[in-house]
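> Quick one: sequence and predicted model below, then my questions.
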Amino acid sequence: LTSGWTQQPKLLASDGKAGDNFGVDVAISGDTVVVGANGYAYVYTRRNDGGFGSGSKLVPTDGASGDHFGETVAIDGDTIVVGAYLGEGKGIGSGSAYVY
């Protein structure tokens, strides 16, 4: 790291377990970080003290095991998109994108 960079607190899923692939994709916009995992996405917002809160967990209401929800994430301002490339929006394996 170049001078002036300091590692911030490490983000972890409060309910994480082996095989979750937490961090498979990460996106940041301003003080908000979205972290993808196997079947979930987590949203963290920087606090005034520079740390991050415990995070909010995003789960698709119609998701199924194997959809790969959370393997791609994006954020722009206050809009988050989470991909599920094997979701069944228009048939088996057609894929879905969830907007929050």
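Structure's in. What do you need?
> close enough to count as contact, Ile75 and Asp31?
No: using CB atoms under 8 Å, Ile75 makes no contact with Asp31, being 11.0 Å away. The C-beta positions use only the backbone N, C-alpha and C, and glycine is treated the same way.
> Look at these two and report which has more neighbours.
Ile75 (20 against 12; other CB atoms under 10 Å).
> separation between that one and Val99?
11 Å (CB to CB, to the nearest Å).
> now Gly4
For Gly4, the distance to Val99 equals 36 Å [CB to CB].
> Tyr98: helix or strand, and which one exactly?
Assigned by DSSP states H and E, Tyr98 belongs to strand 96-99.
> re earlier: so Gly4 and Val99 - more neighbours on which side?
A count of neighbours by other CB under 10 Å puts Val99 above the other of Gly4 and Val99, at 8 against 5.
> Leaving aside the residues adjacent along the chain, what's closest to that one?
In this structure, Val99 finds its nearest non-sequential neighbour in Val81, 5.4 Å apart by CB to CB, 6 or more residues apart in numbering.
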